[in-house]
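Participant: just coords:
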């Protein structure tokens, strides 16, 4: 079985367990293959936790779940040095839950800034520094942070500079009625059935092999220019339209350009293509850029959302060639 066939099988198994959230399954796998981290936003009970647990169950790797609360300390995530008087080396480092492969950072906006920074440093640098020593993370590493769009009282919203560290900001909504019925039946069958799945777990080596193939996906100069033009339109909206200029205060950073490139190449590969088309770029632009835009006061007053601004960008920016 090729790397692509293995990934398609993984997606199919996840979709069978997380009914009505096919897009969430696809985005979760895409971010893992693109070697990024994901911020997931949705109402309670929409299978955010189940999604990352299902991915960990299907992969031969570790999972850590960190419930963010206002009294959490940075050392609760990264780990700390423990005094052991009976040992020759008196202080030994006890690893925190961040030292795993898949990390579920549940309700990240409930913890104070110091704790968020500790997590984001590990995400960006892939290492943790404690007492002057550096500890490397595992090569297979991904953080899926969740936040709840309601109940904002007593939360610590992520600053824009920290949001920028996430490859994608994915929004999920309620499943449709037919999917809801299937969820009901699946939950009932899981309660009554004691059957254990017997299929073999996916080796992390498949992920690394897929990443090598993704790196080889071709992207033409015209599509590269299209990506740069889309990001440029968020920075200099006045060049494109008066309405866009009124809406966008600050545009996407160079990290947005890199995220679009990596995500578009991964999207193309997952669909069996060895080249990136403008459609691949358009398919990922909202998830890659919605958290990188800062809208104006007027836009917020009118109820304009980042997705609407990005829709307008897509209308105004033409593909060359």
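Facilitator: Yep, that arrived. Worth saying up front: this structure is predicted, and the values here are computed from it rather than measured.

Participant: Show me the helices in the stretch 51-200 of the chain, by range?
Facilitator: Secondary structure of the stretch 51-200 of the chain by DSSP state H, counting those that start in this stretch: the helices cover 74-78, 113-125, 160-163, 177-192.

Participant: Next, format these as TSV and append mean neighbour count, mean pLDDT and distance to residue 142.
Facilitator: Just so you know, the C-beta spots here come from the backbone N, C-alpha and C atoms, and that holds for glycine as well. Output for the helices of the stretch 51-200 of the chain, formatted as TSV (neighbours: other CB atoms under 10 Å; pLDDT from 0 to 100; distance: least, CB to CB, whole Å):
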stretch	mean neighbour count	mean pLDDT	distance to residue 142
helix 74-78	20	88	15
helix 113-125	19	84	9
helix 160-163	14	80	17
helix 177-192	11	86	25
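
Participant: I'd like the ones you listed laid out as JSON lines, including distance to residue 104.
Facilitator: Output for the helices of the stretch 51-200 of the chain, formatted as JSON lines (distance: least, CB to CB, whole Å):
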{"stretch": "helix 74-78", "distance to residue 104": "12"}
{"stretch": "helix 113-125", "distance to residue 104": "11"}
{"stretch": "helix 160-163", "distance to residue 104": "18"}
{"stretch": "helix 177-192", "distance to residue 104": "20"}
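
Participant: and residue 21, which of those helices is closest to it?
Facilitator: Among these, helix 177-192 comes nearest to residue 21, with 8.1 Å by CB to CB.

Participant: Could you give me the buried positions within the helix or strand that comes right after the closest one?
Facilitator: Per DSSP states H and E, helix 177-192 leads on to helix 204-215 as the next helix or strand towards the C-terminus. Buried positions in helix 204-215, judged by neighbour count with 16 or more other CB atoms under 10 Å: 206-207, 209-211, 213-214.

Participant: ok, then the element right after helix 204-215?
Facilitator: That would be, after helix 204-215 and using DSSP H and E, helix 221-235.

Participant: Closest to residue 55 out of the buried residues of helix 204-215?
Facilitator: Nearest member of the buried residues of helix 204-215 to residue 55, counting by CB to CB, is residue 207, at 10.9 Å.

Participant: That closest one contacts residue 33, doesn't it?
Facilitator: Yes: in this structure, residue 207 is within contact of residue 33 by CB atoms under 8 Å, at 6.7 Å.

Participant: My read is that residue 141 contacts residue 101, right?
Facilitator: Yes: at 6.1 Å, residue 141 counts as touching residue 101 under the criterion of CB under 8 Å.

Participant: So what pairs up with the spatially most central residue of the chain in the strands?
Facilitator: Centroid check for the chain by CA atoms, centre = their mean gives residue 38 as the closest residue, at 1.3 Å. Beta-bridge pairing of residue 38 under DSSP bridges involves residue 144, residue 168.

Participant: how close does it get to residue 135?
Facilitator: Between residue 38 and residue 135 the computed distance is 23 Å (CB to CB, to the nearest Å).

Participant: ok, residue 260 - contacts?
Facilitator: Contact analysis of residue 260 by CB atoms under 8 Å, 6 or more residues apart in numbering lists 227, 230-231, 281, 284-285, 288-289.

Participant: For it, what are phi and psi?
Facilitator: phi -60, psi -40 (degrees, to the nearest 10).

Participant: Look up how far residue 226 lies from it.
Facilitator: Residue 260 is 9 Å from residue 226, by CB to CB.

Participant: Could you work out the most separated pair of the buried residues of helix 204-215?
Facilitator: Spanning the widest gap among the buried residues of helix 204-215 are 206 and 214, at 12.4 Å by CB to CB.

Participant: Show me the strands in this protein, by range?
Facilitator: Along the chain, counting by DSSP state E, strands occupy 38-41, 63-67, 79-83, 91-95, 102-106, 127-130, 133-136, 142-147, 168-171, 248-250, 294-295.

Participant: right, and those strands - which one's nearest residue 270?
Facilitator: strand 168-171 (13.9 Å).

Participant: Need the per-residue pLDDT for residue 88.
Facilitator: pLDDT for residue 88: 71.
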